[in-house]
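> requesting a structural model of the entry that follows:
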Amino acid sequence: MDIKKFIRDIPDFPKKGIIFKDITPLLKDKKAFKEAIDQLCDEVKDLDFDLIIAPEARGFILGSAMAYKLGKGFVPVRKPGKLPYKTAYEEFQLEYGTDQLHIHIDAVEKGQNVLIVDDVLATGGTAKALANLVKKVGGNVAGMIFLIELSFLNAREKLQNYWVESLIKY
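Numbering: from 1, shown residues only. Sure, this is the predicted structure:
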């Protein structure tokens, strides 16, 4: 199945000049969603990791489904003020502004190997921030996997020290 055909382009969202890659058509199609999760899991089958971390909101959908299928733990990474316990945070640049991501300080045990999962790899700002958060709380980044990669933004230059994979490239 070609899951790429389930990705919809939304021009000028969230601001003029951005073409947003909307994965909601893929998520609502039970066969396409299952195929995407199966493919993501297949890509990481040889990696050694204990936990999956993913940022809100679409990363939660993919990361938690993968964690369930692979029998791994799942750690949510959230925007400021959304986690109830003490957090570590990382501020980073988006392609259209700045943001912060927070993780509970006890979310990763020292030395645990972590897989980072998200829907889109764009500039690499979010992925780099996630990697920094994993290190701040004592973990090791085993790799990163994305449903979609916007190759023309050259995010891999920021992520040269990591194993990075994506299913769909634009």
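
> test my guess that residue 56 contacts residue 77.
Yes - checked against CB atoms under 8 Å, the pair residue 56 and residue 77 is within contact range at 7.2 Å. Quick note: C-beta positions are derived from backbone N, CA and C, even for glycine.

> out of the two, which sits in the more crowded spot?
Taking neighbours as other CB atoms under 10 Å, residue 56 and residue 77 compare with residue 77 leading, 28 against 13.

> how far away is the more buried one from residue 124?
16 Å (CB to CB, to the nearest Å).

> got it, and residue 92?
In this view, residue 92 and residue 124 are 9 Å apart by CB to CB.

> tally of neighbours for residue 57?
Residue 57: 11 neighbours (other CB under 10 Å).

> partner strands of the helix or strand bottoming out on mean pLDDT in the chain, parallel or antiparallel?
Counting by mean pLDDT, DSSP states H and E, the weakest-scoring helix or strand in the chain turns out to be strand 87-94, with a mean of 88. Strand 87-94 pairs in its sheet with strand 97-104 (antiparallel), by DSSP bridges.

> what's in contact with the strand it pairs with?
Contact with strand 97-104 is made by 53, 55, 75, 77-80, 82-83, 85-92, 126, 129-130, 133-134, 136-137, as judged by CB atoms under 8 Å, 6 or more residues apart in numbering.

> next step: these restricted to helices.
Those of the contacts of strand 97-104 mapping onto helices are 126, 129-130, 133-134, 136, per DSSP state H.

> as CSV, those with pLDDT and neighbour count would be great.
Shown next, in CSV, are the ones in helices among the contacts of strand 97-104 (pLDDT from 0 to 100; neighbours: other CB atoms under 10 Å):
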residue, pLDDT, neighbour count
126, 92, 25
129, 95, 22
130, 97, 25
133, 96, 27
134, 97, 27
136, 96, 14
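
> contacting residues around residue 3?
Residue 3 touches 26, 32, 35-36, 39, 167-168, counting by CB under 8 Å, 6+ apart.

> roughly how far apart are it and residue 31?
From residue 3 to residue 31 the distance is 10 Å (CB to CB).

> again with residue 165
22 Å.

> okay, these two: which has more neighbours?
Shown here are residue 165 and residue 31; by other CB under 10 Å, residue 165 has more neighbours (14 against 11).

> I figured the more buried one hits residue 148, correct?
No - look at residue 165 against residue 148 with CB under 8 Å: they stay out of range, at 11.7 Å.
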